[in-house]
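K.L.:
pasting the sequence and the predicted model now:
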Amino acid sequence: SPVRLCGACRSGALDPPFGQGRCRSARAVDNFCPSDPWPDPVPSPVASPPPKHMQIAVLRERAAGETRVALVPESVAKLVKAGHTIVVERGAGAASAALDDQYERAGATLADALPSTVANAALVVKVQRPDADEIAALPEGCAVLSFFNMASAGPTIDALTARRVTGFALEKVPRITRTQ
């Protein structure tokens, strides 16, 4: 077969098939030409793609004075429509004027206690970071999305790590117009 030059450095020959070959010039490092502006992407460390549908748990806020809820019934309806299963701890939205029957009408399942709310959850959402009792009830391998207040969250992060739970701190999510 004919020899083709590297399109990036114009030296060395490309291994066939053309268009998918690697530069074999002396300038190439691990078959990647240093002149190539578009090297092959690094393989993802994720072994499998994320699930298309997941079970999401909405916890009642236990922090004194907290009146917010992580998901309102309107958001639950959108997530249910997208195919997710939502389990809401009874009374989660009471301080926010989001009643249990509104969550049921939105398609959520109500759970009476913390352990039954988080059982089989892939994602747990709440406003304030989880307390020790909540962390103890979380299933291993799930994720928690909440405000963590990272400056004082050291013990919480250590407890989540020990349970192999991933934490996503909402205060670290960019809040600019383009991302909202």
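P.N.:
Ah, there it is.

K.L.:
where exactly do the strands run in the chain?
P.N.:
55-58, 85-89, 109-111, 123-128, 143-147, 166-169 (DSSP state E).

K.L.:
quickly run through the sheet partners of the last one, with directions.
P.N.:
On the basis of DSSP bridges, the sheet neighbours of strand 166-169 come out as strand 143-147 (parallel).

K.L.:
before we move on, what about the fourth one?
P.N.:
Each strand paired with strand 123-128, and its direction, by DSSP bridges: strand 55-58 (parallel), strand 143-147 (parallel).

K.L.:
contact partners of it?
P.N.:
54-59, 61-63, 66, 68-71, 118, 130, 134, 138, 142-147 (CB atoms under 8 Å, 6 or more residues apart in numbering). No exception for glycine: its C-beta is placed from N, CA and C like everyone else's.

K.L.:
how confident was the prediction at residue 180?
P.N.:
pLDDT for residue 180: 56.

K.L.:
just to revisit the earlier point, nearest to residue 95, of the strands of the chain?
P.N.:
Proximity to residue 95, assessed across the strands of the chain by CB to CB, is greatest for strand 123-128 (10.3 Å).

K.L.:
tilt between the closest one and strand 85-89?
P.N.:
Orientation check (axes from the mean of the first three to the mean of the last three CA atoms, to 10 degrees): strand 123-128 against strand 85-89 gives 40 degrees.

K.L.:
among the strands of the chain, which is the most enclosed?
P.N.:
Counting by mean count of other CB atoms under 10 Å, strand 55-58 has the highest mean neighbour count of the strands of the chain, with a mean of 26.

K.L.:
distance from that strand to the middle of the chain?
P.N.:
13 Å (CA atoms, centre = their mean, to the nearest Å).

K.L.:
same check on stretch 92-101?
P.N.:
With CA atoms, centre = their mean, you get 25 Å for stretch 92-101.

K.L.:
go on, stretch 136-150?
P.N.:
Using CA atoms, centre = their mean, the offset of stretch 136-150 from its chain centre is 11 Å.

K.L.:
can you pull out the helices in the chain?
P.N.:
73-81, 100-106, 114-118, 132-137, 154-162 (DSSP state H).

K.L.:
residue 137 contacts residue 115, doesn't it?
P.N.:
Yes. Using CB atoms under 8 Å, residue 137 is in contact with residue 115, at 5.1 Å.
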